[in-house]
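**Student:** The amino acid sequence is not available; the structure is as follows:
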């Protein structure tokens, strides 16, 4: 009879990484890259909705608008690179 602890689950960051003096290099496989792109797209939409809700407060709306635009640009760049297979692969 064995006892298995099912209450503890490990967290996966969704990519493998190497640490260097200048930072971290992340390596994604195809599915991990697609998942990350999907999460970036979702975050961009959420930030866009917050921007629309904060229309009457320009200082906050502009910050969330810039964040939304950055996330959208990052997601598009990753999508183009995955089409060209230019992301690092495992």
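**Tutor:** Sure thing, it's come through. Source: prediction; values computed, not measured.

**Student:** So residue 77: helix, strand or coil?
**Tutor:** helix (DSSP: H, G, I helix; E, B strand; the rest coil).

**Student:** which stretches of the chain have low pLDDT?
**Tutor:** Scanning the chain for pLDDT under 70 picks out the ranges 1-14, 83-90.

**Student:** hey, where'd the strands end up in the chain?
**Tutor:** For the chain, strands defined by DSSP state E occupy the ranges 16-20, 23-27.

**Student:** now for the first one, which elements pack on it?
**Tutor:** Under the contact definition 3 or more CB pairs under 8 Å, 6 or more residues apart in numbering; DSSP states H and E, strand 16-20 sits against strand 23-27. In short, each C-beta sits where N, CA and C put it, glycine included.

**Student:** Okay, buried residues for the strand it packs on please.
**Tutor:** residue 26 (16 or more other CB atoms under 10 Å).

**Student:** same deal with stretch 35-46?
**Tutor:** Buried, per 16+ other CB under 10 Å, within stretch 35-46: 36, 37, 40, 41, 43, 44.

**Student:** Reformat those as a markdown table; add distance to residue 58.
**Tutor:** Shown next, in a markdown table, are the buried residues of stretch 35-46 (distance: CB to CB, whole Å):
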| residue | distance to residue 58 |
| --- | --- |
| 36 | 32 |
| 37 | 31 |
| 40 | 26 |
| 41 | 26 |
| 43 | 22 |
| 44 | 20 |
